[in-house]
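Engineer: Please work out how this folds:
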Amino acid sequence: MKWWENNFIKVKGGKLYLGEREAIKVAQNYGTPLFVYDKNQIISNFCLLQKAFSDNTSLEIRICYAMKANSHQDILKILKREGARIDAVSPGEVNEALRAGFSGQEIIFTGTSVSLGDLKQVFKQDGVIVNIDAEEQLELMREVRERWFKDKKIKVSVRWNPGIGKGFNSNVITAGEKSFNGTPIKFGIEEKRVLPTFAKALQYDFIPVGLHQHLGSGWTKSDFETVKSAVDKMIRKAFEIQKNGFSIEFLDFGGGFGPKYSPEQELFPVSKYVEYICQKVKQSGLKIKAIAVEPGKYLVGDAGILLVKVEYLKKSYSNLFACVNAGTFNTVPRPSIYANAYHHIVNCCRVNIGKKERITVAGNLCETGDVFGKEIEMPTPKKGDILAVLCAGAYCRSMASNFNLRQIPREIII
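Structural biologist: This next block holds a predicted model:
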């Protein structure tokens, strides 16, 4: 069994299957490039996380899907039926969640650099919890409510920056003072301003109900000790808030964990993380109703692939290219955006059969960085072969663009 196989993607007779369907035939039926998502893999991922919590606590668990990972309506509806909530970061995402059947009470809005227009749209929806990203944001929130929503009861939580950040790339670290490349971290409220923010929220007649943190994205096994220390800080801060007379209904530990993208990657121990959170909350004596997390790629990353067709092979100097009918910016932008992002690529026609060569899978955009994979060792593709770019369920379609006026591919769910 290959390291990347799961209930969705399997190898049978040297060919790639998507569930019970041969990947080549799916490509022939629907055309390429094509995103394919698997309903059962999404449900399986959700249930594993849900069970990890139910095995360790009797508190209410709020699994808030970070829909920026993939906002496909059918995916939202699948997760709604399973009991998920929503983490939305824009008014557009709030509206899409509502369209999928989520109520306002099932949505937490975590915006950054929010505008008057953003808040006006979000405040229209009854029950949405607004995550405060800056103490200064409260002035704008008060203005919006006083102008358009006089006396409306609006619940808020406070997104604090615990001073600890972790992520696979400097651009996805969302806590701490600066990312490791020197970029100042724009997210959250620094520690010394958390209590004043709770006080000001009450003063402005908002209803504080939660404390939230998010460290970054793409944790691996080696990040576990750092992440645990951030949990400890969260518990201490929540205790301090309650000690000062403020009520907290829930603690939201954010997201950050995901699927296995490469053979070398050591997976973050999600079950141990969940157990640690639950134990620490129980030991703390905190008076809270619920624990929340915000998985995105964990739920949908390995439940999606991109199918592309090889148009021809190209030899240039010492390079061998498989030239495919899609571009990274329009389909799987992560390798072009993040230097160390990796998506495994499989030849659906010959997964592990035949002579292997080092192949660079080249896209069809006018950009040198438009490559899906550099010098990958794989069975030499032929013209017309179908390649599968794996782990394309998260931050692929949602980040895709029409660069070079290329179309964003069709999406199907099986």
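
Engineer: Find the helix or strand that the closest residue in space to Leu138 that isn't next to it in sequence is a member of.
Structural biologist: Distances taken as Cβ to Cβ, 6 or more residues apart in numbering place Lys200 nearest to Leu138, at 5.3 Å, with adjacent residues excluded. (Glycine included, C-beta is placed from N, CA and C.) According to DSSP states H and E, Lys200 maps onto helix 194-203.

Engineer: Distance from the chain centre to that helix, please.
Structural biologist: Relative to the chain's own centre, helix 194-203 is displaced by 29 Å; criterion: Cα atoms, centre = their mean, to the nearest Å.

Engineer: Ok, stretch 266-273 next?
Structural biologist: The answer for stretch 266-273 is 16 Å, by Cα atoms, centre = their mean.

Engineer: Repeat that for stretch 218-233.
Structural biologist: For stretch 218-233, the distance to the chain centre is 17 Å (Cα atoms, centre = their mean).

Engineer: Between its first and last residues, what's the separation in stretch 31-50?
Structural biologist: The first and final residues of stretch 31-50 sit 36 Å from each other (Cα to Cα, to the nearest Å).

Engineer: Check the spacing between the residue nearest to Leu138 and Thr112 real quick.
Structural biologist: 18 Å (Cβ to Cβ, to the nearest Å).

Engineer: Any buried residues in the top helix by length along the chain, and which?
Structural biologist: Secondary structure of the chain read by DSSP state H shows that its longest helix is helix 224-243. Within helix 224-243, the residues that qualify as buried are Phe224, Val227, Ala230, Val231, Lys233, Met234, Ile235, Lys237, Ala238, Ile241, Gln242, counting by 16 or more other Cβ atoms under 10 Å.

Engineer: Next up, the contacts around the fifth one.
Structural biologist: Okay, so that is Lys233. By Cβ atoms under 8 Å, 6 or more residues apart in numbering, the contact set of Lys233 is Pro162, Gly163, Ile164.

Engineer: Distance to Phe329 and pLDDT for those - can I get that in a markdown table?
Structural biologist: What follows is the contacts of Lys233, written out as a markdown table (distance: Cβ to Cβ, whole Å; pLDDT from 0 to 100):
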| residue | distance to Phe329 | pLDDT |
| --- | --- | --- |
| Pro162 | 34 | 95 |
| Gly163 | 35 | 94 |
| Ile164 | 33 | 93 |
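
Engineer: Out of the residues you listed, which comes closest to Gly92?
Structural biologist: Nearest to Gly92 out of these is Pro162 (Cβ to Cβ; 28.6 Å).

Engineer: I am assuming Glu367 contacts Ile337, so please confirm or correct that.
Structural biologist: No: using Cβ atoms under 8 Å, Glu367 is not in contact with Ile337; the gap is 11.8 Å.

Engineer: hey, where'd the helices end up in the stretch 101-250 of the chain?
Structural biologist: In the stretch 101-250 of the chain, the helices defined using DSSP state H, counting those that start in this stretch lie at 116-123, 137-148, 194-203, 224-243.

Engineer: cool, and the stretch 301-414 of the chain?
Structural biologist: 334-337.

Engineer: Tell me where it has strands.
Structural biologist: Applying DSSP state E, counting those that start in this stretch to the stretch 301-414 of the chain gives strands spanning 304-316, 319-324, 345-347, 356-362, 371-379, 386-389, 410-413.

Engineer: Pick the most deeply packed of these.
Structural biologist: Counting by mean count of other Cβ atoms under 10 Å, strand 386-389 has the highest mean neighbour count of the strands of the stretch 301-414 of the chain, with a mean of 26.

Engineer: Residues contacting it, please?
Structural biologist: The set of residues that contact strand 386-389 without belonging to it, under Cβ under 8 Å, 6+ apart, is 9, 16, 23-24, 27, 32, 305-310, 322, 324, 331-332, 343-349, 361, 372, 381.

Engineer: next one: it to chain centre, how far?
Structural biologist: With Cα atoms, centre = their mean, you get 22 Å for strand 386-389.

Engineer: For that strand, give the mean pLDDT please.
Structural biologist: In this model, strand 386-389 has a mean pLDDT of 98.

Engineer: Perfect, I'm done here.
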